[in-house]
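Trainee: could you look at this predicted model? Sequence included:
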Amino acid sequence: MTTIWERLADHRAAQGETRMESLFQADPSRAEEFSTSADGLLLDWSKTMIDAGARDLLLELAAGAGVEARREAMFSGAKINETEGRAVLHTALRNLSASVQVDGQDVIGGVRATHDRMAAFARDLREGRFAGQGGRITDVVNIGIGGSDLGPYMAVLAMAPYHDGPRCHFVSNVDGADIHDKLKGLDPATTLVIVASKTFTTIETMTNAATARDWMAGSVTDPAAQFVALSSALDRTADFGIDPSRVFGFEDWVGGRYSVWGPIGLSLMLAIGPERFDEFLAGGAAMDAHFRSAPLAENLPVLLALVGIWHHQICGYPTRAVLPYDNRLLRLPAYLQQLEMESNGKRVAMDGSDLTLPSGPVVWGEPGTNGQHAFYQLIHQGTTPVPCEFILAARGHEDALDHHHILLAANCLAQSEALMRGRSLDEARALMAAKGLEGAELERQARHRVFPGNRPSTTLLIERLTPFALGQIVALYEHRVFVEGVILGINSFDQWGVELGKELALKVEPLLKGEDAVGHDASTRELARRFRLLRG
Ligand code: F6P
């Protein structure tokens, strides 16, 4: 019997040289039919080669993979992160009126209590009741890496129009240049340092935290008084010397890359205030409610996941570009890189067997229009199609600069149109003829100006990038990753693949110091020798 995967592959093969434009010609309602919305957020997925037949097969795939049952298991607190024996409940951080149990215990009471303590602290700091040893806190430095950095950093940048709190800075890299450059110009006496680390053992974060404490100690008598910890490891935060009143904890059922909704989002809360932060949570909760209740065929995260599966596993396109036409979503591609690649970059299925399909794609991107002047050349004329995910708001925040926004939007729509339509050889010949070229030179020049077209894209359209809309977008992508993981049969919530490099780094360190060199390969030993030589 043919599997659903084989039927999808056959369907794709049968499409042959069919072009997207012909799908639009055959179905005048395609643009509406292949657009789906929820709470003001619209996903247009019509500029793809997913026709009605492919859509039905993809929906059958999702249903057959048990997406609905798995979704319910996640929301209700079952331990679906089976390799770590944990529940997956970041959704509980943004739905404070729900009732969710883990191991027979209601978890929402604790979540709400921590949220309220964070909000009280944020108000105290923003209103000057919590101050530094030199006066009101003017700057906040969040020290964290991976999920303890990417989420809050991305969101703080995205929410710039709503900033009315202290300035926020983010230090993640163990490269001393990062912390040096971020602390330069800050006054330790009016700076709050947030040490954000779920485990409170991550070498980059702990090294940067110790450096920040030394920096602070040079200027104030009680450096620890200007430190806050965000962590699941409360014993370790105490060892670091941070007073429990400034420690905001969370449970092991919040994965690092899903943690911006809780304590790890403190910098965002300080920047925009608890009320705006709650709007961000409400956006996430609205997407949760949609994801949990909408039928698969009208379900935004499910459809976005199926578009992803179609492009990567069925069409074989190796990468996916996220292209926000919003400069403040500068860090969204990096955030999604961790969310998608750490979650679904796996080679073994949940049951330990080898994955028979490719795992998640490489995710990358950059805001438009900047990307247009850098890598879009390859997207339009390179040999391998790159499915593009455009994100656009109907309105910017700079009303006086609305002409900029119209131009921005025109570029966004033009790009997806150009990707689909392309430019034929005959059109290119006509262009060259109009320039006065003829014969072999016309032919040669025309070929360089051909765009194959038929290149897929989706467009996510929102009214404006508000805290609510940002919450919707982030939760949309989280659930999309989850659905893709369920369909591929993998555990999207562990990350064993980051461990080996971490372990070896600890063993390479002595090698660089000229200590014990046993157990390393010849290349690594030689590189270390040359490294030491260059250092003199
Ligand atoms: O390197 C992987 C990772 O475990 C991520 O999943 C996580 O977001 C990051 O490190 C930071 O971990 P922690 O918050 O424990 O410092």
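Mentor: Sure, I can see it. Bear in mind the structure is a predicted one, so any value in this text is a computation, not a measurement.
Trainee: for the stretch 351-500 of the chain, just list every one of the helices.
Mentor: 376-381, 402-421, 425-434, 439-448, 467-488, 499-512 (DSSP state H, counting those that start in this stretch).
Trainee: now those in TSV, please, with extra columns for mean pLDDT, mean neighbour count and distance to the ligand.
Mentor: In short, each C-beta sits where N, CA and C put it, glycine included. TSV is the format used below for those (pLDDT from 0 to 100; neighbours: other Cβ atoms under 10 Å; distance: least, Cβ to the nearest ligand atom, whole Å):
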stretch	mean pLDDT	mean neighbour count	distance to the ligand
helix 376-381	98	16	29
helix 402-421	98	16	31
helix 425-434	98	14	48
helix 439-448	98	12	44
helix 467-488	98	25	13
helix 499-512	87	12	7
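Trainee: of those, which is nearest residue 298?
Mentor: Distance to residue 298, taken as Cβ to Cβ, is lowest for helix 467-488 among the helices of the stretch 351-500 of the chain, at 13.8 Å.
Trainee: from the chain's centroid, how far away is the closest one?
Mentor: Chain-centre distance of helix 467-488: 9 Å, with Cα atoms, centre = their mean, to the nearest Å.
Trainee: could I get it in CSV with only the CA atoms?
Mentor: C-alpha atoms of helix 467-488 as CSV (Å, rounded to 0.1, in the frame of the first residue of the first chain):
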residue,chain,number,x,y,z
PRO,A,467,2.7,43.5,21.7
PHE,A,468,-0.4,41.4,21.0
ALA,A,469,0.6,40.8,17.4
LEU,A,470,4.1,39.9,18.4
GLY,A,471,2.7,37.4,20.9
GLN,A,472,0.5,35.9,18.1
ILE,A,473,3.5,35.6,15.7
VAL,A,474,5.8,34.0,18.2
ALA,A,475,3.2,31.5,19.3
LEU,A,476,2.3,30.8,15.7
TYR,A,477,5.8,29.8,15.0
GLU,A,478,6.1,27.8,18.2
HIS,A,479,3.1,25.7,17.3
ARG,A,480,4.2,25.4,13.7
VAL,A,481,7.5,23.8,14.9
PHE,A,482,5.5,21.5,17.2
VAL,A,483,3.2,20.3,14.4
GLU,A,484,6.2,19.7,12.1
GLY,A,485,7.8,17.7,14.8
VAL,A,486,4.7,15.6,15.4
ILE,A,487,4.4,14.9,11.7
LEU,A,488,8.1,13.9,11.5
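Trainee: between the helices of the stretch 351-500 of the chain, which one is nearest to residue 207?
Mentor: helix 499-512 (11.5 Å).
Trainee: whatever helix or strand comes next after the closest one vs helix 499-512, what angle?
Mentor: As assigned by DSSP states H and E, the chain's next helix or strand after helix 499-512 is helix 522-535. Compare the direction of helix 522-535 with that of helix 499-512 by axes from the mean of the first three to the mean of the last three Cα atoms, to 10 degrees and you get 50 degrees.
Trainee: and the residue of the stretch 301-450 of the chain found nearest the ligand, what does it touch?
Mentor: Closest to the ligand within the stretch 301-450 of the chain is residue 342: 5.7 Å, counting by Cβ to the nearest ligand atom. By Cβ atoms under 8 Å, 6 or more residues apart in numbering, the contact set of residue 342 is 146, 257, 495, 497-498.
Trainee: you'd agree it is in a strand?
Mentor: No - counting by DSSP: H, G, I helix; E, B strand; the rest coil, residue 342 is not part of a strand but helix.
Trainee: give me the pLDDT value at it.
Mentor: Here the pLDDT value assigned to residue 342 is 97.
Trainee: likewise for residue 517?
Mentor: Residue-level pLDDT assigned to residue 517 equals 65.
Trainee: the residue in the stretch 201-350 of the chain positioned nearest to the ligand: neighbour count?
Mentor: In the stretch 201-350 of the chain, the residue that lies nearest the ligand is residue 256 (2.6 Å; Cβ to the nearest ligand atom). When neighbours are counted by other Cβ atoms under 10 Å, residue 256 registers 24.
Trainee: now distance to residue 387 too, for the helices of the stretch 351-500 of the chain, in CSV please.
Mentor: Formatted as CSV, the helices of the stretch 351-500 of the chain follow (distance: least, Cβ to Cβ, whole Å):
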stretch, distance to residue 387
helix 376-381, 10
helix 402-421, 9
helix 425-434, 24
helix 439-448, 24
helix 467-488, 13
helix 499-512, 29
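Trainee: double-check that residue 13 belongs to a helix.
Mentor: Yes - the assignment for residue 13 (three-state DSSP) places it in a helix.
Trainee: about what we covered before: ok now do the residue of the stretch 201-350 of the chain closest to the ligand, which residues does it touch?
Mentor: 146-148, 198, 495.
Trainee: which among the contacts of residue 342 end up buried?
Mentor: Neighbour counting by 16 or more other Cβ atoms under 10 Å classes 146, 257, 495 among the contacts of residue 342 as buried.
Trainee: wait, what's in contact with the last one?
Mentor: Contacts of residue 495 were listed using Cβ under 8 Å, 6+ apart, and they are 256, 342-343.
Trainee: again, only this time at 6 Å
Mentor: By Cβ atoms under 6 Å, 6 or more residues apart in numbering, residue 495 lies in contact with residue 342.
Trainee: can you list the domains in this structure?
Mentor: 32-65+294-393+413-494, 98-279, 497-535 (the TED database).
Trainee: using CSV, lay out these together with distance to residue 15.
Mentor: Listed next are the domains of the chain as CSV, based on distance: least, Cβ to Cβ, whole Å:
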stretch, distance to residue 15
domain 32-65+294-393+413-494, 6
domain 98-279, 35
domain 497-535, 34
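Trainee: secondary structure element holding the residue nearest in space to the middle of the chain?
Mentor: The residue lying closest to the centre of the chain (Cα atoms, centre = their mean) is residue 336, at 2.1 Å. Taking DSSP H and E as the criterion, residue 336 maps to helix 332-337.
Trainee: tell me the gap between that helix and the middle of its chain.
Mentor: Remark: helix 332-337 is offset 4 Å from the chain centroid, using Cα atoms, centre = their mean.
Trainee: ok, it near the ligand or not?
Mentor: No - on the criterion Cβ under 6 Å from any ligand atom, helix 332-337 is out of touch with the ligand, staying 11.1 Å away.
Trainee: name the residues that touch that helix?
Mentor: In contact with helix 332-337 (Cβ under 6 Å, 6+ apart) are residues 150, 154, 322, 324, 363, 365, 477.
Trainee: what's the burial count for the second one?
Mentor: Going back to what we said before, that points to residue 154. 25.
Trainee: the first one too?
Mentor: As a burial measure, the neighbour count of residue 150 was computed by other Cβ under 10 Å and equals 26.
Trainee: which residues does it contact?
Mentor: 334-335, 338.
Trainee: what's the answer for the fifth one, then?
Mentor: If you count contacts by Cβ under 6 Å, 6+ apart, residue 363 has them with 320, 336-337, 340-341.
Trainee: no further questions, thank you.
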